[in-house]
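# sharing a model prediction with you, sequence too.
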Amino acid sequence: MNAVASPPLAEVLHYAAEAWQHFRAGRSLDRALAAALADRPDLRPAVQDATYKAVRHLAASERLVELLAARPPAAEVAALLAVALAQLQTDNYAEYAVVDQAVSSARNSLPTRGAAGFVNALLRNFLRQRATLLSELQLNDTVRYNLPHWWIERLQRAYPTDWTSVAEHQRQPPPLVLRVNVSRLPTERYLANLNAAGMDATRVGEQAVWLHDARPVAAIPGFSEGEVSVQDAGAQLAAVWLDARAGMQVLDACAAPGGKTAHLAELGATVTALEIDAIRAMRIEENLRRGGLTAHLITGDALRPESWQSQIEDLAKTETGAALFDRILVDAPCTASGIVRRHPDIPWLRRSADVAQLTKVQRELLHALWPLLKVGGRLLYAVCSLFPEEGREQVDRFVGRHCEARLVPLPAAQLLPTAARAPAWQSGLPTLHDGFFYALLEKTG
Ligand code: SAM
């Protein structure tokens, strides 16, 4: 078998530093990597790994540069230092190799060439004082949890006793969790197949299996055949708690990339999947195709049902022509504060004011979609957030204003992220999951 040669570290650092600059200019890591690697897609695995590592050490690295540099370096140099310092904090490469390759990378690029000596001196200076500097930095919560100050304040207010464990769990590497398509095979049988193939895995929910060693989807047994999908066990609760069954008309109102759409379809419901972003909507189609599933896909704005209602046939309608659903899933856009271990860029891309802005969008979505629910039907409101404004407070306000909305009890409303290693599931809630808020509303009149 031919081993794939690793690209030179200097090259990886160079492209990771370029992605870092796009990210610090406000792009998500995904977009930043795509922009940096437009002409070198072959470097994606190594550069992605280095860039994610840099983001997971953002607060520490930026503070180290403040402490070790007499004045703030130029953006290109700061970017190279951020990715190199992250490598030095994670022990993947020998220290001398990181310093040597960071200096080579600086020399090979015009904007950093003049700073090669400075990069060398700063990294060596860090290594000389490494233990003292890192232990001092751990006293600073922003560095310790790699979260902006405003984010920590919100967590502290919402979870005065639990916020440190929430923040600690979100620093751990994200576990790879699969949803077994139980219309194909039972969860236990899939788990047994993995174990027979020598893969360590644990059942962590009704349909959820945690594969201990992360791997690309193409190397996950049964993935291409649609036997399993990648989906956090907390996210798997949506379709189950919505209690969507065969014969029901379900609207998945914010559907891309389609993880929950596919789950609803696997459970036999007739699904209309609505998504505003045409590019993201293509992912829904891919997800359904892999599982041999179908749904009615509409690209449209959930806030303006009148603009896409005419595309829906075979549904009960009101006098004004509005289609009516038995079940509605509102998996609303949110801060994503519950899934930081998968998306470590989020806290650094958001601003505190975004919380109010997103809360307003969520409120408008609920307001626009509620009339499309049949009497006796149920709407599940979901956000992958930990902030109460987007969860409990949002739903309390809605129920306070709608006397025909009854809150149906669920086994849990606010799920806090668990540790990334979990015991085997026996029954009830999953033992391993990210952070989510759920509320199930029934229309009583
Ligand atoms: N339910 C998805 C899943 O499980 O794969 C995740 C949904 S994600 C949290 C929210 C989605 O809502 C995004 O894809 C976003 O583009 C979409 N969205 C935001 N505003 C929308 C609107 N007004 N109408 C329809 N979709 C919207």
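Right, received. Where do you want to start?
# where does the stretch 1-150 of the chain dip in pLDDT?
For the stretch 1-150 of the chain, residues meeting the criterion pLDDT under 70 lie at 1-4.
# tell me the phi and psi of Leu379?
Leu379 adopts backbone torsions of phi -120, psi 130, taken as degrees, to the nearest 10.
# isn't it right next to Leu324, touching?
No. Between Leu379 and Leu324 there is no contact under CB atoms under 8 Å: 12.0 Å. The C-beta positions use only the backbone N, C-alpha and C, and glycine is treated the same way.
# where do the contact lists of those two overlap?
Leu373 (CB atoms under 8 Å, 6 or more residues apart in numbering).
# the more surrounded of the two?
When Leu379 and Leu324 are compared for neighbours, Leu379 comes out ahead with 25 against 18, by other CB atoms under 10 Å.
# now do that one, the pLDDT please.
With respect to pLDDT, Leu379 scores 98.
# can you point out the buried residues in stretch 254-270?
254-267, 269-270 (16 or more other CB atoms under 10 Å).
# how far does stretch 225-234 sit from the chain's center?
Centroid separation for stretch 225-234 versus its chain: 15 Å, with CA atoms, centre = their mean, to the nearest Å.
# oh sorry, the question was meant for stretch 263-280
The answer for stretch 263-280 is 19 Å, by CA atoms, centre = their mean.
# do it and the ligand come into contact?
Yes. Counting by CB under 6 Å from any ligand atom, contacts between stretch 263-280 and the ligand involve 274-277, 280.
# okay, how far is it across that stretch, tip to tip?
18 Å (CA to CA, to the nearest Å).
# also stretch 216-227?
End to end - CA to CA - stretch 216-227 spans 16 Å.
# what's the answer for stretch 281-297, then?
The first residue of stretch 281-297 is 8 Å away from its last residue (CA to CA).
# any buried residues in that stretch, and which?
281-285, 287-288, 290-291, 293, 295-297.
# take those residues and keep only those in strands.
296-297 (DSSP state E).
# looking at the buried residues of stretch 281-297, which are in helices?
Judged by DSSP state H, these include 281-285, 287-288, 290 as members of helices.
# nearest to Lys443, of those?
Of all those, Lys443 sits closest to Ile284, with 26.2 Å by CB to CB.
# pick out the residue of the stretch 51-200 of the chain closest to the ligand.
Residue nearest to the ligand within the stretch 51-200 of the chain (CB to the nearest ligand atom): Arg179, separated by 10.7 Å.
# ok, how many other residues are close to that residue?
Residues near Arg179, counting by other CB under 10 Å: 25.
# which residues in the stretch 1-150 of the chain form helices?
9-24, 29-36, 44-56, 58-68, 75-90, 95-107, 110-113, 116-137, 141-145, 149-158 (DSSP state H, counting those that start in this stretch).
# which other residues reach the first one?
Residues lying outside helix 9-24 but in contact with it, judged by CB under 8 Å, 6+ apart, are 29, 31-33, 35-37, 40, 43, 46-47, 50-51, 54-55, 75-76, 79-80, 82-84, 87, 93, 97-98, 101-102, 104-105, 108-109, 345, 348-349.
# may I see the PyMOL selection of the buried members of these?
Buried residues within those, by 16+ other CB under 10 Å, are selected in PyMOL with:
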select buried, resi 29+32+33+36+37+43+46+47+50+51+54+55+76+79+80+82+83+84+87+98+101+102+104+105+109+345+348
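# quick check: residues of this protein near the ligand?
Counting by CB under 6 Å from any ligand atom, the residues of the chain close to the ligand are 235, 254-260, 274-277, 280, 301-303, 331, 333.
# next up, phi/psi of Val271, please.
Note on Val271: backbone dihedrals following degrees, to the nearest 10 are phi -110, psi 130.
# look up how far the ligand lies from the residue nearest to it when sequence neighbours are not counted.
Spatially, and ignoring its direct neighbours in sequence, Val271 is nearest to Ala295 (4.0 Å; CB to CB, 6 or more residues apart in numbering). According to CB to the nearest ligand atom, to the nearest Å, Ala295 stands 12 Å off from the ligand.
# cool, Pro41 as well?
Distance of Pro41 to the ligand, computed by CB to the nearest ligand atom: 24 Å.
# now Phe387
For Phe387 relative to the ligand (CB to the nearest ligand atom), the value is 14 Å.
# same deal with Thr318?
From Thr318 to the ligand the distance is 20 Å (CB to the nearest ligand atom).
# leaving out sequence neighbours, find the closest residue to that residue.
Closest residue to Thr318 apart from its sequence neighbours, by CB to CB, 6+ apart: Leu324 at 6.4 Å.
# could you double-check that the one you found sits in contact with Ala316?
Yes. Here Leu324 reaches Ala316: they are 4.7 Å apart, a contact under CB under 8 Å.
# overlap of the contact sets of the two?
What both Leu324 and Ala316 touch, as defined by CB under 8 Å, 6+ apart, is the set Lys374.
# can you report how many residues neighbour Asn92?
Residues near Asn92, counting by other CB under 10 Å: 14.
# dump the residue contacts of it.
Asn92 makes contacts with Lys53, as judged by CB under 8 Å, 6+ apart.
# for it, give its distance to Val98.
9 Å (CB to CB, to the nearest Å).
# go on, Asp232?
Applying CB to CB to Asp232 and Val98 gives a distance of 33 Å.
# next one: phi and psi at the residue nearest to Val271?
Torsion angles, degrees, to the nearest 10, at Ala295: phi -160, psi 160.
# can you pull the buried residues of the one helix or strand Asp354 maps to?
Assessed by DSSP states H and E, Asp354 sits inside helix 353-369. For helix 353-369, a neighbour-count test (16+ other CB under 10 Å) marks 355, 358-359, 362-363, 365-366, 368-369 as buried.
# which single one of those is nearest to Leu242?
Using CB to CB, the buried residues of helix 353-369 come closest to Leu242 at Leu369, 13.4 Å.
# about what we covered before: quick one: strands adjacent to the strand or helix carrying the residue of the stretch 51-200 of the chain closest to the ligand?
Arg179 belongs to strand 176-180 when elements are defined using DSSP H and E. Partner strands for strand 176-180, per DSSP bridges, with pairing direction: strand 208-211 (antiparallel), strand 228-230 (antiparallel).
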